[in-house]
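> Need coordinates for the following:
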Amino acid sequence: MASENPNVTILQNVYSKWHKTKGDPSVVLEILADEIRWGSAADGKPGMDFAKKRASKEEVAGYFQELVNEWSMEFFHVNEMVAQGGRVVVLCECSWTNKRTGKSITLPKVDVWYLENGVATEFMEYFDTHAAVEAATA
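Now for the predicted structure:
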């Protein structure tokens, strides 16, 4: 991983704590700006309602509350981080179980961050939304 970029170091710590706590939102929320552009490839699709666009730290807290109410994390591994300036691309693999359906998914995931002065102002996640919707619906 490109540890020469301070943003990579920040995100390495966040993802390490995220994995160890099996998804404690506070570890992510502490690096967010009060106003943030937060998005997901799932974009609020049925069964993935929590994954709609958000515009503030408070709204992102709602994203995480809905996520942990609906899903439990099995694991979240970071494979690589690629950084250029404030932009950091995080290549991951994760596994989640939907609490309502009992279905599990394991899939690759890409998170794209933008940090300014160590604070996240943009986030977008990409993953197999079809597999996630299938696991979230009966």
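> tell me which residues form a beta bridge with W38?
Beta-bridge partners for W38, by DSSP bridges, are R54, F123.
> wait, doesn't it sit right on A61?
No: here W38 lies out of contact with A61, judged by C-beta atoms under 8 Å, at a distance of 10.6 Å. Heads up, the C-betas are built off the backbone N, CA and C, glycines and all.
> And those two? Which one has more around it.
W38 (21 against 16; other C-beta atoms under 10 Å).
> number of nearby residues for F76?
So F76, with other C-beta under 10 Å, has 19 neighbours.
> list the contacts for it?
By C-beta atoms under 8 Å, 6 or more residues apart in numbering, the contact list for F76 reads 15, 18-19, 23, 92-95.
> Only the buried subset of those, as a PyMOL command please.
Buried members of the contacts of F76, defined by 16 or more other C-beta atoms under 10 Å, are picked up in PyMOL with:
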select buried, resi 15+18+19+23+92+94
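> Backbone dihedrals for A42, please?
Note on A42: its backbone torsions stand at phi -70, psi -30 [degrees, to the nearest 10].
> okay, it: pLDDT?
As predicted, A42 sits at a pLDDT of 95.
> Compute the distance between it and M124, please.
Computed as C-beta to C-beta, to the nearest Å, the A42 to M124 distance reads 11 Å.
> ok, the two, which is more surrounded?
A42 (22 against 16).
> I figured that one was touching K53, is that so?
No: taking contacts as C-beta under 8 Å, A42 lies outside contact range of K53: 10.7 Å.
> what are the ranges of the helices in the chain?
6-20, 26-29, 57-70, 129-136 (DSSP state H).
> what's the neighbour count on the residue lying closest to I105 once chain neighbours are set aside?
Sequence neighbours aside, A135 is the residue nearest to I105 in space, at 4.5 Å (criterion: C-beta to C-beta, 6 or more residues apart in numbering). By other C-beta under 10 Å, the residues close to A135 number 21.
> Check F75 too.
For F75, using other C-beta under 10 Å, the count is 11.
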